[in-house]
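>>> here is the input, now give the coordinates:
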Amino acid sequence: MSISIENIMAQVKADYGYRLRVHSGENGLLMVGCGHIVTERDRLHLGNRITQDRCDALLAHDLDVAICACMAQMAGFDDMPDVEQEVIVKAAFRFGIASVLAGQPSAPIAIEEESHND
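Just a heads-up that it's a prediction; the model follows:
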């Protein structure tokens, strides 16, 4: 596998935008960055602001989780062309690996279309 996480990060940011302030998503969960669901481990609360570096680190981690899920659960993933891998990883990031494997993405996590730096 030779896909570039930096390339996927750039695509995700361009496609979905990002928010540097913790907000409540349409699904009621706290979110920040490029659709990162805030957990206790993040030690963030509604209204907190993060840096661009932390936004990038959260996105890199979330994409790494998606890549690992694809590699573990999709036979032949490593043998697919890079472009196909990138599309599948972005889908797994946005919809979850279970939805990708089922072939029918569930309702996506709402990420506003334009970037917000509030």
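
>>> tell me, how many residues neighbour Lys13?
When neighbours are defined as other CB atoms under 10 Å, Lys13 has 16 of them. Placement of C-beta: from N, CA and C, glycine included.

>>> distance from the chain centre to stretch 21-40, please.
Centre-to-centre, stretch 21-40 and its host chain are 12 Å apart (CA atoms, centre = their mean, to the nearest Å).

>>> just give me the longest helix of this structure.
When the chain is parsed with DSSP state H, its longest helix is helix 52-73.

>>> so where is this protein shaky, pLDDT-wise?
Residues of the chain meeting the criterion pLDDT under 70: 1, 104-118.

>>> which ones are touching the residue nearest the centre of the chain?
Closest to where the C-alpha atoms of the chain average out (CA atoms, centre = their mean) is Phe93, at 4.3 Å. If you count contacts by CB atoms under 8 Å, 6 or more residues apart in numbering, Phe93 has them with Val12, Gly35, Asp62, Leu63, Ala66.

>>> dump the residues you listed to JSON lines, plus neighbour count and distance to Gly25.
Shown next, in JSON lines, are those (neighbours: other CB atoms under 10 Å; distance: CB to CB, whole Å):
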{"residue": "Val12", "neighbour count": "22", "distance to Gly25": "16"}
{"residue": "Gly35", "neighbour count": "22", "distance to Gly25": "8"}
{"residue": "Asp62", "neighbour count": "19", "distance to Gly25": "14"}
{"residue": "Leu63", "neighbour count": "21", "distance to Gly25": "18"}
{"residue": "Ala66", "neighbour count": "23", "distance to Gly25": "18"}
